[in-house]
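Asks: my questions are about this predicted structure, shown below with the sequence.
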There are 2 protein chains.
Amino acid sequence: MNAQRDSKLPFLAVLMAGGGGTRLWPLSRPDQPKQFLPLISGRSLFQLTVARLREILPPEDIFVISNSRLIPMIRASSVGLPEENLLCEPSPRNTAPAVAYALAVLRTRFPEFVMACLPSDHYIAESKRFITLVQCARTLAGKGYLVTLGIEPTGPTTGYGYVEQGERLDSIDGLSAFRVKHFKEKPTAEEAQAMIARGGFHWNSGMFFWRSDVLEEEFRTQQPGISKALDRMAGLLARKGDDRLLKEIWESMPVLSLDYGILEASNRVAVLPARDLGWTDIGSWDALVELYQAHPELQGKAPEGVRDVGSQSITVIRKTDSHRVLATVGLHDVIIVETDDAILICQRGKSQDVRKIAGMK
Amino acid sequence: MNAQRDSKLPFLAVLMAGGGGTRLWPLSRPDQPKQFLPLISGRSLFQLTVARLREILPPEDIFVISNSRLIPMIRASSVGLPEENLLCEPSPRNTAPAVAYALAVLRTRFPEFVMACLPSDHYIAESKRFITLVQCARTLAGKGYLVTLGIEPTGPTTGYGYVEQGERLDSIDGLSAFRVKHFKEKPTAEEAQAMIARGGFHWNSGMFFWRSDVLEEEFRTQQPGISKALDRMAGLLARKGDDRLLKEIWESMPVLSLDYGILEASNRVAVLPARDLGWTDIGSWDALVELYQAHPELQGKAPEGVRDVGSQSITVIRKTDSHRVLATVGLHDVIIVETDDAILICQRGKSQDVRKIAGMK
């Protein structure tokens, strides 16, 4: 374990914004992923993620890693980040190469720093609580831990990975952090129930914090290929080398997630339990509809042209220029999503099957 | 009771085709009522009604009474009826004035006749059986009865009027006809159950047969105003008078149904029970979907652009030029009807509420 270097190291955030996904089809498409949809009071999860961080970080210290298809959407989001903070991956290679690339870019600007690596497609209702946790995680990261925020499970969900906590490592401002004993990929229903029953498990939020030198050391020992590529990319960027070479280095790295490639085998991963965040990754229409039903103001204005007789618990989302009438009669627990080129009618509780629809021809 | 005049009187059919209605909204509209929709293997109920009668009648003996908005649709149906057989009501005044007008027109061409007065928006699966019953009803009408075909109830439906049979009046080719003791308008659920439990009740099909002189006598005694108007219209038509005057006479008649204005108080109404017709008036989406589920070949080719995961017992009807994807996930017992300007999503068993949707702004 490295000793605490300096709690005054620069603190930078890197937002992962390259994900595609079709779980909110027909609204989400490969070219219009969830993080850019105006789902929350007309704002996107990406916009809200930046806004949360802006409470503690200037725009110059917030970076985004995405791809050439999506960078125009980031610009259109008008979140005010400098153009040079928008990092473009040459092609999708999962999170380990993406983070290595981000490290290479940031290394050219800062000798050492604490980095938050955050998804941009989660919803967090309690921003103040989030900031408190981020400050705590930053301090822990400064001490040399690879910190993951652990979401308190609300049930035996099979849709998330889990982390199992071990002994208590530290306590900061009354918040305890624990060693991570074990990462568990998306479990079966039985496994999930067993974990919830035993306790001491958290959902893996994908929100990570670490010191740049600590993560680089992990790359060196666990993923020497990526580590070498990281050094080469940093050198290339320092001398403003061409994109063709960057692409070549990029493609030399394995397609690998950071969880699987680094965190699972590291012995300095700490989980910081993150209670009361009001967190959801909105991983399905059911999740979004649950959020809207709990907080109707988030849905924004009611869709137009909808007529109903006798339905109960239906949610209609219309993102279409069409002035067609949409009429519902006697339905129960149904989600209807309409775009210009598709309409989805989904029974609540079944929205995990929407991705199958998206893949059909 | 008039004696039987002559079973060789001309036999003419008058089809009622002026009805509007929105029970099959969004497919049926005031300008495109149910009888002209291509619901049955791509053919309309109106086309099928004419085709059934063509088994026993030449086109010259089949008349249609409708209105100026719908007569173009009758022409477009290409059923081959002579132009002069398309009678146009000046405005909607229900069935008693419509039949009086038809009588006036036909009187200018035939001194006396037996007339079948039939809806054009019912489906009858068993055409041969229908013809047998029509021949029998024609014979009964020739004897001076006002004959109504009584549909054998399949359950205590509240959507139809009922007729109660009295003593047996006659028997023709093994088919018995009974005096009608009582007409019962659309009943409550309790009344319907009581009628079904007692037996001897039939649904009022609206398919009527009578001799022209018998009906004219009923008009004279029960509806002298309409009777006078009938005589004036006949005179006007004989001397080829102008439409302005016809309209004036037309509007002098009360808005009245034949059932209420003539049949309920007449003592010579006979019901001919019509079993095994495969009859339905397709009075709702539920009725149409039941028919399609029993006889899938009637629905015609499957709608395009539909994707489903895990739904059960859903029916999709698409009459739209749109190439939108229509996706269903996990639905049960749902009817979906899509047109260019509307989409209906209706739980099965609730389609009686569709007319409320049609009336909403």
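Replies: Structure received.
Asks: return the residues in contact with the residue located most distally from the centre of chain A.
Replies: Most distant residue from the mean C-alpha position of chain A: A:V309, 39.2 Å away (CA atoms, centre = their mean). Residues in contact with A:V309 (CB atoms under 8 Å, 6 or more residues apart in numbering or on different chains) are A:327-330, B:350, B:353-354, B:356-357. To be clear about C-beta, it is placed using only N, CA and C from the backbone, and glycine gets the same treatment.
Asks: next step: those restricted to strands.
Replies: Among the contacts of A:V309, DSSP state E puts A:327-329 in strands.
Asks: which residues of chain A score low on pLDDT?
Replies: A:1-7 (pLDDT under 70).
Asks: nearest spatial neighbour of the spatially most central residue of it, chain-adjacent residues omitted?
Replies: In chain A, the residue lying closest to the centroid (CA atoms, centre = their mean) is A:P119, at 2.0 Å. Setting aside the residues directly before and after it, A:P119 is nearest to A:G206 in space (CB to CB, 6 or more residues apart in numbering or on different chains), at 4.9 Å.
Asks: how close does that neighbour sit to chain B?
Replies: 27 Å (CB to the nearest CB, to the nearest Å).
Asks: was I right about that residue contacting A:A116?
Replies: No - taking contacts as CB atoms under 8 Å, A:G206 lies outside contact range of A:A116: 11.4 Å.
Asks: what about the residue of the stretch 101-250 of chain A found nearest chain B, neighbour count?
Replies: In the stretch 101-250 of chain A, the residue that lies nearest chain B is A:G159 (16.4 Å; CB to the nearest CB). By the criterion of other CB atoms under 10 Å in any protein chain shown, A:G159 has 14 neighbours.
Asks: what kind of secondary structure is it in?
Replies: coil (DSSP: H, G, I helix; E, B strand; the rest coil).
Asks: next, count neighbours for A:M16.
Replies: 23.
Asks: hmm, I typed the wrong one, I wanted A:P72.
Replies: That count, for A:P72 with other CB under 10 Å as the rule, works out to 10.
Asks: got the phi/psi numbers for it?
Replies: phi -60, psi -30 (degrees, to the nearest 10).
Asks: likewise A:P153?
Replies: phi -70, psi 140.
Asks: test my guess that it contacts A:H202.
Replies: Yes - A:P153 is within contact range of A:H202, at 6.8 Å (criterion: CB under 8 Å).
Asks: higher neighbour count, the two?
Replies: A:H202 (25 against 16).
Asks: surely that one is in a helix?
Replies: No - note on A:H202: no helix contains this position according to three-state DSSP, which reports strand.
Asks: tell me the bridge partners for it.
Replies: A:V163 (DSSP bridges).
Asks: contacts only, for it.
Replies: A:H202 touches A:150-153, A:162-163, A:165, A:271, A:273-274, counting by CB under 8 Å, 6+ apart.
Asks: at 6 Å instead, please
Replies: Applying CB atoms under 6 Å, 6 or more residues apart in numbering or on different chains to A:H202 gives the contacts A:150-151, A:163, A:271, A:273.
Asks: for A:V214, same thing?
Replies: A:V214 makes contact with A:G144, according to CB under 6 Å, 6+ apart.
Asks: surely it is in a helix?
Replies: Yes - counting by three-state DSSP, A:V214 falls inside a helix.
Asks: for it, give its distance to A:E167.
Replies: A:V214 sits 20 Å away from A:E167, going by CB to CB, to the nearest Å.
Asks: on that earlier part again, need the contacts of A:V309 in a markdown table (columns: neighbour count and distance to B:I65).
Replies: As requested, the contacts of A:V309 are exported to a markdown table (neighbours: other CB atoms under 10 Å in any protein chain shown; distance: CB to CB, whole Å):
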| residue | neighbour count | distance to B:I65 |
| --- | --- | --- |
| A:A327 | 25 | 32 |
| A:T328 | 23 | 37 |
| A:V329 | 23 | 33 |
| A:G330 | 22 | 36 |
| B:K350 | 21 | 34 |
| B:D353 | 17 | 31 |
| B:V354 | 26 | 27 |
| B:K356 | 16 | 29 |
| B:I357 | 20 | 29 |
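Asks: among those residues, which one lies nearest to A:S257?
Replies: Each of the contacts of A:V309 was scored against A:S257 by CB to CB, and A:T328 proved nearest at 41.1 Å.
Asks: state the distance from that closest one to chain B.
Replies: Relative to chain B, A:T328 is positioned 5 Å away (criterion: CB to the nearest CB).
Asks: how about the residue farthest from the centre of chain A: what's its closest non-neighbour residue?
Replies: Nearest residue to A:V309, sequence neighbours excluded (CB to CB, 6+ apart): B:D353, at 4.3 Å.
Asks: do the same with A:R52
Replies: A:S127 (5.1 Å).
Asks: which parts of chain A sit against chain B?
Replies: A:307, A:309-310, A:324-331, A:341-347, A:350, A:353-354, A:356-357, A:360 (CB under 6 Å from any CB of the partner chain).
Asks: looking at these, which are in helices?
Replies: Judged by DSSP state H, the subset of those located in helices is A:354, A:356-357.
Asks: would you turn these into JSON lines with distance to B:T188?
Replies: Formatted as JSON lines, those follow (distance: CB to CB, whole Å):
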{"residue": "A:V354", "distance to B:T188": "44"}
{"residue": "A:K356", "distance to B:T188": "46"}
{"residue": "A:I357", "distance to B:T188": "44"}
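Asks: rewinding a little: nearest to B:R23, of the contacts of A:V309?
Replies: Looking across the contacts of A:V309 and measuring by CB to CB, the closest to B:R23 is B:V354, at 6.2 Å.
Asks: what about the residue nearest to that closest one when sequence neighbours are not counted, which SS state?
Replies: Distances taken as CB to CB, 6+ apart put B:W25 closest to B:V354, at 5.4 Å, once the chain neighbours are dropped. Secondary structure state of B:W25, per three-state DSSP, is coil.
Asks: hmm, back to that, and the ones in strands among the contacts of A:V309 as a markdown table, adding distance to A:R232?
Replies: Output for those, formatted as a markdown table (distance: CB to CB, whole Å):
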| residue | distance to A:R232 |
| --- | --- |
| A:A327 | 60 |
| A:T328 | 58 |
| A:V329 | 63 |
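Asks: A:E185: which of the residues you listed is nearest?
Replies: Using CB to CB, the ones in strands among the contacts of A:V309 come closest to A:E185 at A:T328, 38.9 Å.
Asks: isn't that closest one up against A:S311?
Replies: Yes - using CB atoms under 6 Å, A:T328 is in contact with A:S311, at 4.8 Å.
Asks: gap between the host helix or strand of A:M233 and the chain center?
Replies: Using DSSP states H and E, A:M233 falls within helix A:224-238. Computed by CA atoms, centre = their mean, to the nearest Å, the chain-centroid distance of helix A:224-238 equals 25 Å.
Asks: list the buried residues for that helix?
Replies: A:226-234, A:236-237 (16 or more other CB atoms under 10 Å in any protein chain shown).
Asks: repeat that for stretch A:175-193.
Replies: A:175, A:177-180, A:183-184, A:187, A:192.
Asks: mark which of those residues are part of helices, please.
Replies: Per DSSP H, helices hold the following members of the buried residues of stretch A:175-193: A:A192.
Asks: burial count for A:F63?
Replies: Residues within reach of A:F63, counting by other CB under 10 Å, total 22.
Asks: secondary structure added to the contacts of A:H202, as a markdown table?
Replies: Shown next, in a markdown table, are those (three-state DSSP):
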| residue | secondary structure |
| --- | --- |
| A:G150 | strand |
| A:I151 | strand |
| A:V163 | strand |
| A:V271 | strand |
| A:P273 | strand |
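Asks: please identify which of the residues you listed is nearest to A:P296.
Replies: A:I151 (23.8 Å).
Asks: quick check: the closest one touching A:W279?
Replies: Yes - using CB under 6 Å, A:I151 makes contact with A:W279 at a distance of 5.3 Å.
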